[in-house]
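> Need coordinates for the below:
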Amino acid sequence: MSDRQEKFAGTGAIREGHAFDAAALEGWMSAYVPGFTGPLRVEQFKGGQSNPTYKLVTPGKSYVMRRKPPGKLLPGAHAVEREYRVLRALGGAGFPVAPVHGLCEDADVIGTAFYIMDMVEGRIFWDSTLPDLSRDERLIYFDAMNAALAQLHSLDYQALGLGDYGKPGNYFARQIARWSRQYREDEEAGRLDDMDWLAGWLPDNIPSGDETCIVHGDFRADNMIWHSSEPRILAVLDWELSTLGHPLADFTYHLMMYHLPPHIIGGFAGADLKALNIPSEEDYVEAYCRRTGRTEGIPNLSFYLTFNMFRFAAILHGIKGRMARGTAASPEAANLVATLPELAAIARRTAA
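Residues are numbered from 1 along each chain as shown. Just a heads-up that it's a prediction; the model follows:
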């Protein structure tokens, strides 16, 4: 078992500060989740750095609940309502997501808003080099990830009723402003010279041109559930950061796996890709471009990678702030936050 799998896979007891009235939840599910029958047993998933996630076990089937964390929250953060909305829309379009059953925005039920979805059984690969697979399988699984992201970016968000799911246009300018503001305003998390430099460099180097699609925002190997024996994605997870945005922002976030070290989530920089039979970065980019009709490839690739590293670092900075306030959702939060200075430094080098 890999270190990350041991830390993040599976469930355990409900962590301190994350307990709620299970009887109240069972009553709500009896009223609003078709076919629900108790009794209900609640466990908490080890993973989930932002929105606490729980396994809800009944004699007939299991469900998953995502909820806002307790405590003081930054405006616009932890929007489980948005997750629920996009999951419903994507499920209706045939994109692989967990079926959802209900959204509760009444904080009086368990203390925060939450939604319920199916528990999808399958494989999760916590190591993005997919070491549990054979060499021949590995290439096929990587191609399936590539195809899924291209499929997402090709969906007609207007036809899915998501025309107001974000603000079309000027994605990078808005995102840079948003994450810079959250970084600067979270005084309890402190400041870093590299983050300050990136917040100044990025707005002046946005490439020309604009596109809009549904973006996941955190598309990586451990945010999807695979069929137990086939290279088929059953459900893409964790849609908290999804919005209407630029497809190249989403794709290059996924592409960061080629540039980050193994101890920063999803990275395999320095790995022997040929020996592992993992596609080269150039081949992986070419496959995505072929699927999405980008005949000129991806100019300004370093900007997009730098942007995503800054954004990811800002997310870790937010976790650091929640730790200071006592609301971080995972006991592994400190390990993630410890990578923040290194990640910001990598981002600055990538920009240069």
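> Show me how the chain divides into domains.
Using automatic domain parsing, the domains assigned to the chain come out as 3-118, 135-351.
> Throw these into JSON lines and include mean neighbour count and mean pLDDT, thanks.
For every residue, glycine as well, the C-beta is placed using N, CA and C. What follows is the domains of the chain, written out as JSON lines (neighbours: other C-beta atoms under 10 Å; pLDDT from 0 to 100):
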{"stretch": "domain 3-118", "mean neighbour count": "17", "mean pLDDT": "87"}
{"stretch": "domain 135-351", "mean neighbour count": "18", "mean pLDDT": "94"}
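> Residue 129: which of these is closest?
domain 135-351 (5.0 Å; C-beta to C-beta).
> Do a quick rundown of the strands in this structure.
Taking DSSP state E as the criterion, the chain contains strands spanning 11-12, 41-45, 53-57, 62-67, 100-104, 114-118, 213-215, 224-226, 233-236, 243-245.
> could these go into CSV alongside distance to residue 151?
Converted to CSV, the strands of the chain look like this (distance: least, C-beta to C-beta, whole Å):
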stretch, distance to residue 151
strand 11-12, 30
strand 41-45, 26
strand 53-57, 25
strand 62-67, 23
strand 100-104, 19
strand 114-118, 20
strand 213-215, 10
strand 224-226, 13
strand 233-236, 10
strand 243-245, 16
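> how about these, which one is nearest residue 178?
The closest of the strands of the chain to residue 178 is strand 243-245. By C-beta to C-beta, the value is 10.2 Å.
> what packs against the closest one?
Applying 3 or more C-beta pairs under 8 Å, 6 or more residues apart in numbering; DSSP states H and E, we find strand 243-245 packed against helix 171-185, strand 213-215.
> still on that earlier bit, for residue 273, find the nearest of the strands of the chain.
strand 224-226 (20.5 Å).
> Grab the nearest non-local neighbour of residue 273.
Nearest non-adjacent residue to residue 273, counting by C-beta to C-beta, 6 or more residues apart in numbering: residue 280, 6.0 Å away.
> on that earlier part again, what would the domains of the chain look like in a markdown table with distance to residue 125?
Written out in a markdown table, the entries for the domains of the chain read as follows (distance: least, C-beta to C-beta, whole Å):
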| stretch | distance to residue 125 |
| --- | --- |
| domain 3-118 | 9 |
| domain 135-351 | 5 |
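> follow-up on the earlier one: next one: the residue nearest to residue 273 relative to residue 271, how far apart?
Taken as C-beta to C-beta, to the nearest Å, the spacing of residue 280 relative to residue 271 amounts to 11 Å.
> Name the single longest helix found in this structure.
The single longest helix within the chain, with elements called by DSSP state H, is helix 301-325.
> Check the offset of that one from the chain's centre.
Between the centre of helix 301-325 and the centre of its chain there are 13 Å (C-alpha atoms, centre = their mean, to the nearest Å).
> And that helix, what does it pack against?
Under the contact rule (3+ C-beta pairs under 8 Å, 6+ apart), helix 301-325 is packed against helix 171-185, helix 193-201, helix 247-255, helix 333-337, helix 340-351.
> Just confirm residue 320 contacts residue 189, I think it does.
Yes - when contacts are counted by C-beta atoms under 8 Å, residue 320 is listed as touching residue 189 (4.2 Å).
> So what pairs up with the closest residue to residue 51 other than its chain neighbours in the strands?
By the measure of C-beta to C-beta, 6+ apart, the closest residue to residue 51 outside its immediate chain neighbours is residue 66, 5.1 Å from it. The partner list for residue 66 in beta bridges (DSSP bridges) reads residue 53, residue 115.
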